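*Asks:* build the 3D model from these lines:
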Amino acid sequence: MVSKGRILVVEDDFDISNMLRIYFSGQGYDVQVAPRGGDALTLTRKQLPQLIVLDIMLPDMDGYAVCRELRQTTRTSHIPIIFLTQKDERSDKIAGLELGADDYITKPFDIEELKLRVKNAIDRVDREKSMDPRTNLPSSKLIEDKLRELMRTSEMWSYIDLKINNFDSFQEVYGSLAGTEVLRFMALLLSEVVDEFGTPDDFIGHTGQDNFVLVSYGPKAQQLMDRVIARFNDEGKQHYSFIDRERGHIVVENGQERPLMTLGAGMVSNATQSFADIREITELAAEARRRPAGESSEPIETAW
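*Replies:* Alright, predicted model coming up:
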């Protein structure tokens with residue numbers, strides 16, 4: 001069964017969190033549980049949920065602080081949040097909504113009502129076509145918004161265009177479900193490497209099928225890109241059978257040999273050049289990605 005979406009339940013009461021996990025898993029959602037606010041932030045950085053059910057009263061930090069952190073971080077600012085709390089004062093609800101929460105439900109709650117609120121919040125995001133359902137990464141509109149933001153800012157940034165080479169051949173042999181697993185692996189890999197070399201404001205997007213983008217505001221953009229390439233080219237082989245890994249290629253339906261997947265990447269930065277519009281950013285980055293290995297243009301030197 002295809003998942004309806006990934007939900008993160010942030011709740012320190014085991015009985016409630018376990019009940020929500022069992023219920024929403026039965027409804028077709030992938031459910032993770034975090035008993036503390038810090039755990040929620042860590043899990044969210046590793047794998048973006050499509051929605052967060054967030055209790056306000058937590059043992060380490062309150063839900064307001066968790067919400068504030070998520071909304072102030074570029075990669076998590078778009079995730080719908082439903083506050084779940086025993087507080088029913090109007091001022092508490094207003095405080096949560098002012099922080100950017102999408103909804104608010106008070107304990108004890110009607111599970112059917114919560115189910116509808118969850119479904120409506122996820123459907124709203126899907127209608128806006130702001131997220132890719134396979135990777136749960138920003139796509140289309142959010143990527144365009146980020147590009148327009150780059151044109152306005154005086155902050156130093158690097159834009160990286162990433163493409164999984166030979167992805168179509170892999171999917172032809174292994175099927176669409178295996179292809180989706182590769183895309184999810186790529187999304188998780190990007191998140192891990194950004195945590196290692198990037199900043200909380202770095203942006204990861206999925207432009208469609210085998211293309212991803214990454215915007216980094218840190219001084220280690222080149223190391224970040226090199227690390228993503230190295231890890232994908234190494235760990236991506238796990239998606240092939242032992243036989244295909246050993247021989248270093250796959251055989252498609254007509255008997256022709258096709259190379260294993262590799263990752264191509266190209267980067268541009270406002271540290272080394274200026275851009276007239278967002279199209280110039282994407283076209284020059286794609287051109288850099290298509291350039292044969294070893295053939296360089298202007299070197300990108302971060303001066304931050």
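
*Asks:* low-scoring stretches of the stretch 201-304 of the chain, by residue?
*Replies:* 293-304 (pLDDT under 70).

*Asks:* phi first, then psi, for residue 131.
*Replies:* phi -130, psi 140 (degrees, to the nearest 10).

*Asks:* what about it, how many neighbours?
*Replies:* When neighbours are counted by other C-beta atoms under 10 Å, residue 131 registers 24. C-beta here means a position set from N, CA and C on the backbone, and glycine is covered the same way.

*Asks:* repeat that for residue 283.
*Replies:* Counted with other C-beta under 10 Å, residue 283 comes out at 14.

*Asks:* what do you get for the one 3 residues further on?
*Replies:* For residue 286, the tally of surrounding residues (other C-beta under 10 Å) stands at 16.

*Asks:* go on, residue 5?
*Replies:* Residue 5: 23 neighbours (other C-beta under 10 Å).

*Asks:* now do it, the pLDDT please.
*Replies:* Looking at residue 5, its pLDDT is 84.

*Asks:* residues in contact with it?
*Replies:* 29-30, 49-51, 122, 136 (C-beta atoms under 8 Å, 6 or more residues apart in numbering).

*Asks:* try it again with 7 Å
*Replies:* With contact set as C-beta atoms under 7 Å, 6 or more residues apart in numbering, residue 5 has these partners: 29, 50-51, 122.

*Asks:* closest to residue 151 among those residues?
*Replies:* residue 50 (28.9 Å; C-beta to C-beta).

*Asks:* from residue 61, how far out is the nearest residue to residue 14 once chain neighbours are set aside?
*Replies:* Among residues not flanking residue 14 along the chain, residue 35 sits closest, at 7.6 Å (C-beta to C-beta, 6 or more residues apart in numbering). Separation of residue 35 from residue 61 (C-beta to C-beta, to the nearest Å): 12 Å.

*Asks:* which of the two has more neighbours?
*Replies:* Legend: neighbour count by other C-beta under 10 Å for residue 35 and residue 61, higher for residue 35 (18 against 15).

*Asks:* burial measure for the residue lying closest to residue 236 once chain neighbours are set aside, as a count.
*Replies:* Excluding its sequence neighbours, the residue lying closest to residue 236 (C-beta to C-beta, 6+ apart) is residue 261, at 5.4 Å. Number of residues near residue 261 (other C-beta under 10 Å) recorded here: 23.

*Asks:* tell me which residues touch residue 261, please.
*Replies:* By C-beta under 7 Å, 6+ apart, the contact set of residue 261 is 164-167, 170, 236.

*Asks:* let's see that with 6 Å instead.
*Replies:* By C-beta atoms under 6 Å, 6 or more residues apart in numbering, residue 261 lies in contact with 164, 166-167, 170, 236.
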